[in-house]
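Visitor: Got a predicted model here, sequence first, then my questions.
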Amino acid sequence: YFSKHPFVKSYHTQYYKRWRRNAILYCDASGNIILPTKESRMQIDSEYRNKQTPGTQATWSSVGPYQVIDNNGIPGNGQANIYSVDQCVSNTAIMYCGTEPGEVYKSMDGGDTWINVSASLDFGSGVTAVEVDPNNPDLVFAGGNAGVFRSSDGGSTWTNVLPQTNFNVNEILINPASSQLVMAATDKGLYRSSDGGITWTQLFTEKSYDIKCNPADPSKIYLVKNNPTLIICEFFISLDSGATWTLQSNGWYSSGDPARNDGGARIGVSPANPNRVYAYLIGRSEEHTSE
């Protein structure tokens with residue numbers, strides 16, 4: 001079908017990809033699925049349960065959200081796979097998360113219990129990015145294929161401040177030095193707001209995968225985005241809170257392999273060492289660190 005029609009991501013294609021990722025382990029050369037026997041499956045499960053990992057002491061338990069709402073706003077029986085989560089720095093009891101069925105949930109007790117705060121909204125997809133103001137737990141953004149949604153009252157009401165189609169919001173950033181500066185990295189480019197997310201300006205049109213502030217200097221911001229001509233992901237840096245950007249290519253990944261592909265990227269930073277930046281490249285790429 002997609003050899004003759006443009007690809008459009010939907011609930012159906014996402015579930016198919018998940019099914020295919022599991023089924024491919026049991027496919028033969030002709031595409032037939034050969035499932036393991038019951039006995040071999042039980043043996044594998046038993047070995048996994050009994051496997052001991054040295055030094056692992058952590059104990060995990062599920063905390064929800066357990067109420068599942070489908071994309072029609074109707075309570076369902078599926079699972080609320082979590083696509084995104086964020087915690088308010090100034091009030092750590094307040095947390096928000098976005099789910100695959102397209103809902104935002106809020107916790108006011110550090111994640112022990114969750115309530116749905118978006119039952120009337122249509123994100124057009126799963127909620128792939130949430131961001132709560134580090135200084136104001138009531139200001140929160142959530143993104144999906146239908147755009148970027150903003151709430152200034154803790155999720156009670158929402159406004160789509162950047163309506164789009166097939167948007168795929170990958171990350172939202174509120175500058176910790178100023179809540180007026182908000183940025184959104186999306187499949188349709190990088191967007192910036194200087195009025196708290198009310199109006200937006202598009203800075204790049206290429207797919208933008210992730211954006212992070214330097215933990216010690218919020219005016220220094222890092223960005224990874226696609227270069228469709230070179231078919232690679234590139235790393236950019238801004239020294240003026242995202243107003244202008246400079247390509248940083250010294251030591252960066254490059255390839256002439258005709259089979260290369262850019263599958264996206266993520267950035268990692270830490271207050272423990274603000275000048276160390278990690279960039280994880282997805283596809284036929286490599287992991288890099290920079291100081």
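Guide: That came through, no problem.
Visitor: Could I get the full set of helices for this structure?
Guide: Here the chain has its helices, by DSSP state H, at 11-23, 38-50.
Visitor: Mean pLDDT lowest where, among those?
Guide: Lowest mean pLDDT within the helices of the chain: helix 38-50, a mean of 64.
Visitor: quick one: the residue sitting furthest away from the middle of the chain from N22, how far?
Guide: For the chain, the residue at maximal distance from the C-alpha centroid (Cα atoms, centre = their mean) is E39, at 38.3 Å. E39 sits 20 Å away from N22 when distances are taken as Cβ to Cβ, to the nearest Å. Backbone N, C-alpha and C define where each C-beta goes, glycine included.
Visitor: Tell me who's in contact with the closest residue to Y280 other than its chain neighbours.
Guide: Of all residues not flanking Y280 in the chain, R266 sits nearest, at 4.9 Å (Cβ to Cβ, 6 or more residues apart in numbering). Neighbour list for R266: Y209, D210, V224, A279, Y280, I282 [criterion: Cβ atoms under 8 Å, 6 or more residues apart in numbering].
Visitor: can you do 10 Å?
Guide: Residues near R266 by Cβ atoms under 10 Å, 6 or more residues apart in numbering: N170, E171, Y209, D210, K212, V224, Y278, A279, Y280, L281, I282.
Visitor: pLDDT check: weakest of those residues?
Guide: I282 (87).
Visitor: Leaving out chain neighbours, which residue sits closest to that one?
Guide: Nearest to I282 is G263, by Cβ to Cβ, 6+ apart, at 3.8 Å.
Visitor: Neighbouring strands of the longest strand along the chain in the sheet, and parallel or not?
Guide: Secondary structure of the chain read by DSSP state E shows that its longest strand is strand 217-227. Taking DSSP bridges as the criterion, strand 217-227 forms sheet pairs with strand 208-214 (antiparallel), strand 232-238 (antiparallel).
Visitor: Looking at those, which one is packed in the most?
Guide: Between the strands paired with strand 217-227, strand 208-214 has the highest mean count of neighbours, a mean of 23, where neighbours are mean count of other Cβ atoms under 10 Å.
Visitor: what about dumping the CA coordinates of that one to CSV?
Guide: Output in CSV follows, covering the C-alpha atoms of strand 208-214 (Å, rounded to 0.1, in the frame of the first residue of the first chain):
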residue,chain,number,x,y,z
SER,A,208,14.4,18.5,14.8
TYR,A,209,14.9,15.7,17.3
ASP,A,210,16.0,17.1,20.7
ILE,A,211,16.9,20.3,22.4
LYS,A,212,18.6,20.9,25.8
CYS,A,213,19.9,23.8,27.9
ASN,A,214,23.4,23.8,29.3
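Visitor: how about the strands in the stretch 151-291 of the chain?
Guide: Ranges of strands within the stretch 151-291 of the chain are 159-163, 169-174, 182-186, 189-193, 201-204, 208-214, 217-227, 232-238, 246-247, 262-268, 277-283, 287-290, based on DSSP state E, counting those that start in this stretch.
Visitor: Next, the angle strand 262-268 makes with the longest strand of the chain.
Guide: If you take axes from the mean of the first three to the mean of the last three Cα atoms, to 10 degrees, strand 217-227 sits at 170 degrees to strand 262-268.
Visitor: what pLDDT does the closest residue to N166 other than its chain neighbours get?
Guide: Sequence neighbours aside, N145 is the residue nearest to N166 in space, at 5.6 Å (criterion: Cβ to Cβ, 6+ apart). pLDDT for N145: 95.
Visitor: Likewise for the one 5 residues further on?
Guide: The pLDDT attached to R150 in the predicted structure is 98.
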